[in-house]
Structure formats: C-alpha cells, structure tokens
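1. this one's sequence-less:
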C-alpha cells in the first residue's frame, strides 16, 4: 500500500513490529514515517503550532519561544509545509517592517485511533492532530472471550471507524493506534500481565498482535495512564492523580508534568491497596482491597460509602506523593459525580486539617479514556516523550 496524496511523511509501505501491510481490504492510508517527525526541534515547533490554534503563530515568535535561530525555524516550517502539516493563516501587523506571515497546524494532515478496552465495552475514537474527535464507535466487548476474539473484534471496529472518516480527513495519514485497557501490563513491550479476573491474558503480546492486524504502529498502556496523559497534554499542570472507577479501580499519576509508570509500568495499581484486613475477597486474591470495597458498596446502592472509601485511599496517595490535585473519572463516578467529589473531598479535607496542610482539590475530569489512548500516538510528535 502507498500513502494517499497529502499524507504526512509517507515513504512507502510501513513496517510495524516486523510486519508490513494491514487488514485485508482496509481503506485507510498507511502509517506515516514517525521517526521523521520526532526530532526535538521539529516537535517544539509542532507543539507551538498546535497550542496557537487557528490564529496561528509567526516564525519570529516560534524562534523566540524555542530559542532556535530564525534560519532554523524557517527550515523546519518549510519542511512542515511541504509535508502538509503547516499552512499559512494570514498576516499579522508588525511593529516595524512588513506584516508577518503566521502559520497554523493543519489538523486534518494526520489522525490517530484511540481504543479503550474495558472489561465489557469497547469505545473507539478517531482524532485529528489537535486531539479533536472526528469519529466514534461504541460496542459491547467481552474481555473474557480471549485474546484472539478480542483482537479480531477490535480490528473490525477500527476498520469500520476509519472507513467512515469524512472526506476532509480521509486524505490524511493514520499515524497509528493507541490502546488503553486495565493493567497490569508492560507498556514498553505492549505485553499484558495477569489482568484481574482474566488470567488468559497473562503474557499476551497485544501490541504486536494488533499491529499485524492493523498494519500501523500500535502503543499499549493502562487506561489510567492514557487518561492522565491526555489531561497533561491538554494543560493540566503540576502533579496530580487521576482515579478511574468503572468496572475496576486504578490510578494514573502525573508527577512534575510527566506520566509516572514506574520501572515495570506497575505504578498506579491503586485499586489493590488493602484498607480492611478482614474485608471482602477481591478478584486479585487479597481481602479488603479498596476496589472490592468500592464496587461492593456501589452494587449495594451505598454510593456515599463508596465515595468515602475512595477518599480514604486517595488520602493515602496524597500523603505518599504530596500531589496537588485529585481528578476523578470512569462510568461509576460520572453516574454520581457530586456524591464522589463531595465524599472524596470531605475525607481529604479532614486529613488536611489533621496534618495542618492546605486541602487538595478534587474534581471530575472531562473527557474519556479513548481520547487518551489516541494521545499515546500523538503526544510524542509534539515532544511529549511520556506518550
């Protein structure tokens, strides 16, 4: 397969995990030559074009903000324009001399798929280079059906999603697919470990299996990490924890603006901290895990209790990492957002008063995990190495 006209840096058939090609009959362009876009200086310029939005930014401003010489900026922007990534956005009055030409990012020049594999549901989104969603599909999913069946279902949904792209983006290049799902897993190798309740996934090379089916680069990470990455890319600063409560419970950690995964992608296994030694049996084999306590309380209609349990666990995290903010997400949270914000916030306020510290803010995070999964592909193009 060859790239479509106007695609980003396409040089021919893309090799992914040692495999060429893609899904039989797939209608989307092949993946772009990502290493060509990942130079440090080009990423700096791309990110400034992205954040400038439709108003654009001048070459002089790009040079001032990046510390690059005007000559270097001109060379980079010429390459970006040639690749279809940047375009003129008009002219801006100058304090002296002729008006400055301003440049903008071309959102439709590339796209990425974001896939959220929950235990019982698949949500797939297609986003442009700004992260804006331009297509979405949602369907039921049985993670317990086994790896091969799930991979086939995911590939089919991806094919259908990209095949329905509006014409304006269809000429762009599919840069890759990001996959977010419950952990634990190895982010670097794209291999799953023993997902709680689904031992058949232990050791399955999900990244490579999907790359063979899709024919584009694939990145795999935990759902909470993907969501936390998106929040950081979209401007959530400082150090924060994203707590996701849906069919399970986990945390994504951003420390100093960077997603913290740990040496083995094990950071953020928040749901399996034991807070009650004689508590209910958890799917992980322990008793009294915060996940089991929260889900049991929610199932029994005791949402206030679940919120306070979550707040207790969040307090442990705040004490351990000294973070600035707690963000909440997941379908269980969004079903009763005020209850969870109030319950978690009350526990954290009580802790702050006891130790004489300012209270940590709590709020519901906007957006979903699938959008974060797409950022696993896009973020490195804009200099976010933690993507």
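-> Arrived safely. Given the structure is predicted, the values throughout are model-derived calculations rather than measurements.

2. Quick check: residue 345 touching residue 308?
-> No - Residue 345 is beyond contact range of residue 308, at 10.5 Å (criterion: C-beta atoms under 8 Å). (Each C-beta comes from the backbone N, C-alpha and C, glycine too.)

3. where along this structure do the helices fall?
-> With helices called from DSSP state H, the chain shows them at 40-52, 59-66, 70-82, 147-163, 167-170, 206-214, 223-233, 290-299, 303-321, 331-335, 337-355, 369-378.

4. Name the residues of the second one that are buried.
-> Residues of helix 59-66 classed as buried by neighbour count (16 or more other C-beta atoms under 10 Å): 59, 61-63, 65-66.

5. ok, now the fourth one?
-> Applying a neighbour-count criterion of 16+ other C-beta under 10 Å, one finds 147, 150-151, 153-155, 157-159, 161-162 buried in helix 147-163.

6. Please spell out the segments of the chain that come in under the pLDDT threshold.
-> Within the chain, the stretches with pLDDT under 70 are 1-38, 93-97, 166-172, 385, 387.

7. what about 50?
-> For the chain, residues meeting the criterion pLDDT under 50 lie at 1-34, 36-38, 170-171.

8. From what I see, residue 386 and residue 253 are in contact.
-> No - here residue 386 does not reach residue 253: they are 11.0 Å apart, not a contact under C-beta under 8 Å.

9. Which one of those two is surrounded by more residues?
-> For residue 386 and residue 253, the more surrounded residue by other C-beta atoms under 10 Å is residue 253, and the numbers stand at 22 against 17.

10. what's the closest non-adjacent residue to that one?
-> residue 260 (4.4 Å; C-beta to C-beta, 6 or more residues apart in numbering).

11. now the buried residues of helix 59-66 in a markdown table, with distance to residue 218?
-> Below are these laid out as a markdown table (distance: C-beta to C-beta, whole Å):
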| residue | distance to residue 218 |
| --- | --- |
| 59 | 35 |
| 61 | 36 |
| 62 | 32 |
| 63 | 36 |
| 65 | 33 |
| 66 | 31 |
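
12. tell me which of the residues you listed is nearest to residue 315?
-> Nearest to residue 315 among the buried residues of helix 59-66, counting by C-beta to C-beta, is residue 65 at 39.5 Å.

13. Quick one: residues contacting the closest one.
-> Counting by C-beta atoms under 8 Å, 6 or more residues apart in numbering, residue 65 touches residue 48.

14. Check residue 210 too.
-> 151, 154-155, 177, 179, 218, 220.

15. Ok, residue 346 next?
-> 308, 311.

16. Centre of the chain to stretch 51-71, how far?
-> The chain centre lies 26 Å from the centre of stretch 51-71; the measure is C-alpha atoms, centre = their mean, to the nearest Å.

17. now swap in stretch 369-387 and tell me
-> Centroid displacement of stretch 369-387 relative to its chain, using C-alpha atoms, centre = their mean, is 6 Å.

18. Can you mark which positions in that stretch are buried?
-> For stretch 369-387, by 16+ other C-beta under 10 Å, it's 369-384, 386-387.

19. one step back: residue 79: which of the buried residues of helix 147-163 is nearest?
-> Distances from residue 79 to those, taken by C-beta to C-beta, are shortest for residue 162, at 26.5 Å.

20. mind checking which of the helices of the chain is nearest residue 268?
-> Nearest to residue 268, of the helices of the chain and by C-beta to C-beta, is helix 223-233 at 5.4 Å.

21. could you say what helices and strands the closest one packs with?
-> Judged by 3 or more C-beta pairs under 8 Å, 6 or more residues apart in numbering; DSSP states H and E, the packing partners of helix 223-233 are strand 110-117, strand 173-181, strand 240-245, strand 249-255, strand 258-259, helix 369-378.
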